[in-house]
Each structure stands twice: as structure tokens, then as C-alpha cells.
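**Q** Starting from these lines, generate the structure:
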Amino acid sequence: QVQLVESGGGLVQPGGSLRLSCAASGSIFSISTMGWYRQAPGKQRELVATIASGGLTNTADSVKGRFTISRDNAKNTVYLQMNSLKPEDTAAYYCNVLGRRIGSSEYTYYWGQGTQVTVSS
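**A** Model prediction:
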């Protein structure tokens, strides 16, 4: 099995910062794209940012200039540095990994359990 363990969420005041982490472990052999999505109550899940294995990133316009995605391939970990947080950033944040399990020739999307980010004064 493949596990994605997220950490770093919490309550922060507007203008504050948080750093999310997501570590992939288990029977994963190779990881391609890693990313973060978020879902606010009553809304659809939306892309926040992705990063390819070579480092190419894609960031949603709503967070561009405030959020930065990065990864450590040696640790199979993806990070999301969130600065200048706004109340509208409040959501559950989900890690997403496109990976290949040991013994498999196919890449599959895996999801973390989600970590809550609340921006409020």
C-alpha cells in the first residue's frame, strides 16, 4: 500500500504563514507529479499547485505570489509554503501524488487524508 501523511495545517490569522508537508511511503517505487488541492465547505475541490519530478511548477492564479510548492525527491515529500494567508484560503488541503507501486507498470493517483487550514482573526 501507499500512504500519504500530511502535516502542518492549523489556525492562523490573516497575513500569517503556514507550511504544509506531505510524505509518501509504503510500496511506492516511483513518483511523477506531486501537488496540493483544496476544498472549502460547499465548494468543489480545486487545484492549488503541482510540481513535476523535474521541478516544473503550476500554481493557481488565486495563490500565485503567495504560495510556493517544492519537493524533496530523496524524501518523497512535497511542501506547500503559504504566506500572506487570507480568510478565503480556509479549506481542507489535500496532497496528491502520481506514483507507481513496486511491481506495477502503471502510474496511479493517490490522495492524502487532508489537513485543515483555517484563516481567521
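
**Q** Show the contacting residues for the residue of the chain most remote from its centre.
**A** Residue farthest from the centre of the chain, counting by C-alpha atoms, centre = their mean, is G103 at 25.9 Å. Counting by C-beta atoms under 8 Å, 6 or more residues apart in numbering, G103 makes contact with 27, 29. No exception for glycine: its C-beta is placed from N, CA and C like everyone else's.

**Q** Model confidence at it, what's the number?
**A** Reported pLDDT at G103 in the predicted model: 87.

**Q** in this structure, which spans are strands?
**A** 2-7, 10-12, 18-26, 28-39, 46-51, 57-59, 67-72, 77-82, 91-101, 107-111, 115-119 (DSSP state E).

**Q** The fourth one: how far from the chain's middle?
**A** Between the centre of strand 28-39 and the centre of its host chain there is 7 Å, according to C-alpha atoms, centre = their mean, to the nearest Å.

**Q** same thing with stretch 32-47?
**A** Using C-alpha atoms, centre = their mean, the offset of stretch 32-47 from its chain centre is 8 Å.

**Q** quick one: contacts of that stretch?
**A** 20, 22, 24, 48-53, 58, 60, 69, 71, 78, 80, 89-100, 107, 114, 117.

**Q** Give the buried subset of those residues as a PyMOL selection command.
**A** To isolate the buried members of the contacts of stretch 32-47 in PyMOL, using 16 or more other C-beta atoms under 10 Å:
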select buried, resi 20+22+24+48+49+50+51+69+71+78+80+89+90+91+92+93+94+95+96+97+98+99+100+114+117
